[in-house]
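Engineer: Sequence and predicted structure below; questions after.
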Amino acid sequence: MSFTIRPTRPYDAIPIAAVHRATAAIPGGIARRPEEITDGYINRILHEALADGVGLVAVEEGGDVIGEIHAVRIPVKLFSHVLSDLTVAVHPDWRGRGVGSALFQALFAAARGMEPPIVRVELNAGAGNAGAIRLYERLGFRVEGRLEKRGLLPDGRFEDDIAMGLIL
Ligand SMILES: CC(C)(COP(=O)(O)OP(=O)(O)OC[C@H]1O[C@@H](n2cnc3c(N)ncnc32)[C@H](O)[C@@H]1OP(=O)(O)O)[C@@H](O)C(=O)NCCC(=O)NCCS
């Protein structure tokens, strides 16, 4: 089965929430827990991406949303060439089939078209999320640092965050 990538639209809110909740149900991936994927959160990311960022969905042949990526320009002049606050989620049934990579390549293409230009894309990944870190390095991100005990896991353990950046 194949899929396409397109910009998010306001009516994608419900299917995007479903993909994020299915993703969040598996610990060790995205930061938010399922109950934190609220309508307010989804509406905010849709709005921010539209206002001055990038928001894209992967859609399978039948029209269902199977993945989402978003990031936003930092709204401070000093950092205004930086696309940040990046989150990516691919439905568990679709992992390992190139959806995440395609979402990132489309995000880079969209970022290159932004005005004023985006020069840097940044993200954080949990140190335990080795698969995601490997994917990001393959896409061109470099490890830039380690934020000790930034995450508090559901079982009470702390986890470091890995700061990664890519120069477009
Ligand atoms: C990380 C994620 C977006 C990658 O999307 P994807 O469509 O599976 O990625 P692709 O098929 O393009 O690339 C596969 C690579 O993704 C990485 N990966 C990370 N988690 C994975 C998973 N659960 N299943 C498969 N691949 C995964 C691996 O590096 C894999 O490469 P490998 O085959 O060499 O191990 C997706 O797995 C996901 O949504 N994970 C849960 C949420 C998450 O971790 N988000 C990132 C938070 S920083």
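Structural biologist: Happy to help now that I have it.
Engineer: Please work out how many residues are found near the closest residue to residue 18 other than its chain neighbours.
Structural biologist: Of all residues not flanking residue 18 in the chain, residue 65 sits nearest, at 7.5 Å (Cβ to Cβ, 6 or more residues apart in numbering). All C-beta atoms are positioned from the backbone trio N, CA, C, and that covers glycine. Counted by other Cβ atoms under 10 Å, the residues lying close to residue 65 total 20.
Engineer: I'd guessed residue 65 sits against residue 42; true?
Structural biologist: No. Counting by Cβ atoms under 8 Å, residue 65 stays clear of residue 42, with 11.6 Å between them.
Engineer: For these two, list the residues in contact with both.
Structural biologist: Contact criterion Cβ atoms under 8 Å, 6 or more residues apart in numbering; residues shared by residue 65 and residue 42: residue 16.
Engineer: How about the contacts made by residue 108?
Structural biologist: If you count contacts by Cβ under 8 Å, 6+ apart, residue 108 has them with 121, 166, 168.
Engineer: do the same with residue 147
Structural biologist: Counted by Cβ under 8 Å, 6+ apart, residue 147 has contacts 124, 160-163.
Engineer: Narrow those to just the buried residues.
Structural biologist: The neighbour count (16 or more other Cβ atoms under 10 Å) marks 124, 160-163 as buried among these.
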